[in-house]
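# Quick one, fold the following:
(2 chains)
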Amino acid sequence: MNKMMFKPTDLDRAIDRGLENVFLRNAMALLTAFSGGAQRLEIMDEVGGFENLRQRARASKDKVLNRLDYYLEKLEDSVQKAGGRVVWADGPQDVIDYIVSLAREKNVKSVVKGKSMVTEEIELNPALQRAGLEVLETDLGEYIIQLAGERPSHIVGPALHKTKEEVARLFEEKLGIPYTDDPAELTMAARRVLRGNFLRADMGITGANFAVAETGTIVLLENEGNIRLSTTLPRIHVAVMGIEKVVADFNDLQSLLKLLPISTMNLRLPSYTSFITGPAGSGGEGPEEFHLVLLDDFRTKILADPDFRQMLRCIRCGACLNACPVYATIGGHAYPWVYSGPMGVVLTALAKGPAETKDLLQACTICRTCAEVCPVMIDLPGMILKLRGQAVEKASPLLPKSLALAARLYSTPLGYDSAGRLIKAATRLALDSEGGIQRGPELIKDMGSNRCLPQPADVPFHRAVSDEDLK
Amino acid sequence: MRDSREIILSRVRSALISEDTNMPENLGPTPEEILPQDADLMARFKERWLPGTGIFHLARSSKGLTMILTKILKPVAGKRVIVSESFKNLMPDFEDLAGRIDVGICENVEEFPSAEAGLTGAELALAYSGTIVVTSGSEFELTASVLPPIHVALIPRDKIKHHLGQAFDHLSKTNPPRAAVFISGPSKTGDIQMTLVHGVHGPGEVHAVILDY
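Residues are numbered from 1 along each chain as shown, chains lettered A, B, ... in the order given. Now for the predicted structure:
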């Protein structure tokens, strides 16, 4: 298990920092506005409507999850038939070990990387760098945060927490270019620098948005073109993928392929959608070798739990982040792991354990907007509530039983009457003559500072009115 | 890694033990956009291609094609271009034009990084999403359409299909290509303060030239 970036008790401080960052909040507001709205629904109405499409997308995912062993073996077989190699990785270290030993065996010095959340999950880059490899992130946002030594703040726009002036200063310092805060000029500078890396890289590492079991095809969506370059120029291509990303066939792929770009960025399709089936072999236009690494880590644990298995449907579209009022207010860096927003809360709690993430699980107002926009109909708020229950039980195992016992006692006539007398005495003590709260815990006094409570009656209702009176 | 395979598969199997495996295997076709029988696919393609900042041209004759290419390649005078096999098949006399407008053709892959434009055909186009599809089936089509800053794709009008399902059907027929890329516009990013910039790694300028003759 990887270390968390900081302990749960630091969450309050992280949230405060996020709240103070007005620039970040405006950026998040822009993102939310951009991704919401009528255009999205119009586009989906062309193909049967959002509800219809996401029922189908959900079914496509459930179909595979319910027979995951069959589809993983089928995928392996198809990739191998296409000339690729499939490697299974129980945990993060297995992925790292494989790539390092492959690099050594094949004399790889320089690696270019496409944006891949699973590789951030396992902290692949620092491990490869420790093994002596040059690893460069090529997605512009990832490149920026790599230069800055920071964490991503959003799964689609990892550097959105930075102003253009900050990027300008960063490039001036790290790339030695004259100061400019024009995004187009900064982008062209990055293009020039990274071009050299693409051309001399020995290995390209990417994730995979989907893997089609029937044909052994991996599907990669992007707007920049860095993934195309990383999967065409270097002689070795390694794709790392969570085992939950398998899709049965191209028919099932369609609803997912329609929903992913629209959920992420309001587009029918991004600039580039690559379908790659195996290596080009020697002399071909493309990599000589193709390796697909299938990672489990905590995924089979989630698969085994019927309450939470649906989390494996997640296609990492970011729609829940864009919809979440909490995320919009506190920003991605307030979350302790690489995944943020509603899906980040659930996945972090499932991967690390609810007791460890008790505070993080509070970062949700249960407004249910995320559940409304999720293209694969994951009930994120329902799972957050369940996880909160688990976290509380783990933290105070006697609490639920104590509360149940107290409720039992309170429902007996003697219990009810005694509790009433106790509450009456305490209330009389706390209130002054006008009904203001003058004694009690700070929180209660704050809440009561502009309220008046009525004085408790001398004779409670249940003794003032007899059963005969009620007939 | 052999151990990992058995470990993972056995974990998956025990996770699924009590499973209801009566899931419908075939979910049926995905709903697609419905167009009238006589719909003009080229018009639909243009309508969906343009907002993505792709550039659209229509060549009604080989002379028209020559004029279009002359105009597009004007800024490339004195430089080189990558020409894919599919482009050569669609315009066999391009070398003559190249000579006239002072544009060089890359002789070998070492020259590719310095090319200013990539000229390709396309396997097909999709009207629904404003997409052109390049594949590994034609030599240099993949590289020519991503490496240089300008990409020009020639697409015979009858290669314009409607929606994704048709693209997948077409591509899965005999000899499916190893790699296919669905291109819906130029390379772009909003990663710096959400400001849209084109041409970050792939071409910033992409031309769809429909051949209608």
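
# Show the residue spans covered by the helices in chain B.
Per DSSP state H, chain B carries helices over the ranges B:2-15, B:41-49, B:62-72, B:85-90, B:94-100, B:141-144, B:164-171.

# Let's have those in a markdown table, adding mean pLDDT and distance to A:Tyr335.
For every residue, glycine as well, the C-beta is placed using N, CA and C. Listed next are the helices of chain B as a markdown table, based on pLDDT from 0 to 100; distance: least, C-beta to C-beta, whole Å:
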| stretch | mean pLDDT | distance to A:Tyr335 |
| --- | --- | --- |
| helix B:2-15 | 93 | 27 |
| helix B:41-49 | 96 | 37 |
| helix B:62-72 | 97 | 47 |
| helix B:85-90 | 96 | 47 |
| helix B:94-100 | 96 | 54 |
| helix B:141-144 | 97 | 38 |
| helix B:164-171 | 94 | 34 |
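
# closest one to A:Ala27 among those?
helix B:41-49 (29.0 Å; C-beta to C-beta).

# Show me what counts as buried in that closest one.
Applying a neighbour-count criterion of 16 or more other C-beta atoms under 10 Å in any protein chain shown, one finds B:Leu41, B:Met42, B:Arg44, B:Phe45, B:Lys46, B:Arg48, B:Trp49 buried in helix B:41-49.

# outside of that helix, which residues touch it?
Residues outside helix B:41-49 that contact it (C-beta atoms under 8 Å, 6 or more residues apart in numbering or on different chains): A:268, B:35, B:56, B:58, B:125-131, B:157, B:160-162, B:184-185, B:208, B:210, B:212.

# List buried residues within those.
A:268, B:125-131, B:157, B:160-162, B:184-185, B:208, B:210.

# Show me the contacts of helix B:41-49 that map onto strands.
Under the assignment DSSP state E, the contacts of helix B:41-49 contribute B:Phe56, B:Leu58, B:Ala125, B:Leu126, B:Thr131, B:Ile160, B:Lys161, B:Ala208, B:Ile210 to strands.

# could I get these as JSON lines with distance to A:Arg151 and pLDDT?
Listed next are the ones in strands among the contacts of helix B:41-49 as JSON lines, based on distance: C-beta to C-beta, whole Å; pLDDT from 0 to 100:
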{"residue": "B:Phe56", "distance to A:Arg151": "41", "pLDDT": "97"}
{"residue": "B:Leu58", "distance to A:Arg151": "48", "pLDDT": "98"}
{"residue": "B:Ala125", "distance to A:Arg151": "40", "pLDDT": "97"}
{"residue": "B:Leu126", "distance to A:Arg151": "37", "pLDDT": "97"}
{"residue": "B:Thr131", "distance to A:Arg151": "34", "pLDDT": "97"}
{"residue": "B:Ile160", "distance to A:Arg151": "44", "pLDDT": "97"}
{"residue": "B:Lys161", "distance to A:Arg151": "43", "pLDDT": "95"}
{"residue": "B:Ala208", "distance to A:Arg151": "39", "pLDDT": "98"}
{"residue": "B:Ile210", "distance to A:Arg151": "46", "pLDDT": "98"}
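
# For the residue of chain B found nearest chain A, give me its contacts.
Using C-beta to the nearest C-beta, the single residue of chain B nearest to chain A is B:Gly202, 2.6 Å away. If you count contacts by C-beta under 8 Å, 6+ apart, B:Gly202 has them with A:Glu224, A:Gly225, A:Arg228, A:Leu229, A:Ser271, A:Tyr272, B:Ser145, B:Val146, B:His151, B:Pro186, B:Ser187.

# can you pull the contacts of the first one?
What that stands for is A:Glu224. Per C-beta under 8 Å, 6+ apart, neighbours of A:Glu224: A:Thr138, A:Asp139, A:Leu140, A:Ser271, B:Ser187, B:Lys188, B:Thr189, B:Val200, B:His201, B:Gly202.

# on that earlier part again, ok, the nearest residue to the residue of chain B closest to chain A once chain neighbours are set aside to B:Gly185 distance?
Nearest non-adjacent residue to B:Gly202, counting by C-beta to C-beta, 6 or more residues apart in numbering or on different chains: A:Gly225, 2.6 Å away. In this view, A:Gly225 and B:Gly185 are 11 Å apart by C-beta to C-beta, to the nearest Å.

# A:Leu321 too?
24 Å.

# Can you say which of the helices of chain B is packed in most?
Compared across the helices of chain B, helix B:141-144 shows the largest average neighbour count, a mean of 28 (mean count of other C-beta atoms under 10 Å in any protein chain shown).

# quick one: that helix to chain centroid distance?
With C-alpha atoms, centre = their mean, to the nearest Å as the basis, helix B:141-144 stands 9 Å off its chain's centre.

# repeat for stretch B:80-90
Distance, centroid of stretch B:80-90 to centroid of chain: 14 Å (C-alpha atoms, centre = their mean).

# end-to-end on stretch A:99-112?
13 Å (C-alpha to C-alpha, to the nearest Å).

# tell me which residues of it are tucked away?
By neighbour count on 16+ other C-beta under 10 Å, the buried set for stretch A:99-112 is A:Ile99, A:Val100, A:Leu102, A:Ala103, A:Val108, A:Ser110, A:Val111, A:Val112.

# ok, which pair from these is furthest apart?
Maximum pairwise distance among these (C-beta to C-beta): 16.5 Å, between A:Val100 and A:Val112.

# residues in contact with the spatially most central residue of chain B?
Of all residues in chain B, the one closest to the mean position by C-alpha atoms, centre = their mean is B:Val133, 3.3 Å from it. By C-beta under 8 Å, 6+ apart, the contact set of B:Val133 is B:Ala122, B:Glu123, B:Leu124, B:Ala125, B:Leu126, B:Ala167, B:Leu171, B:Ala180, B:Val181, B:Phe182, B:Ile183.

# so which of those are also by chain A?
B:Leu171, B:Ala180, B:Val181, B:Phe182, B:Ile183 (C-beta under 8 Å from any C-beta of the partner chain).

# Identify the residues contacting the closest residue to A:Gly436 other than its chain neighbours.
Setting aside the residues directly before and after it, A:Gly436 is nearest to A:Cys452 in space (C-beta to C-beta, 6+ apart), at 6.0 Å. Under the criterion of C-beta under 8 Å, 6+ apart, the neighbours of A:Cys452 are A:Glu434, A:Gly435, A:Gly436.

# which one of the residues you listed is nearest chain B?
A:Gly436 (50.5 Å).

# Any stretches of the stretch 1-150 of chain A with poor pLDDT?
Residue ranges of the stretch 1-150 of chain A with pLDDT under 70: A:1-9, A:32-38.

# for chain B, what are the nearby residues on it?
A:27, A:30-31, A:34, A:46-48, A:52-53, A:56, A:59-60, A:62-63, A:66-69, A:72-73, A:82, A:87-90, A:94, A:98, A:138-141, A:144.
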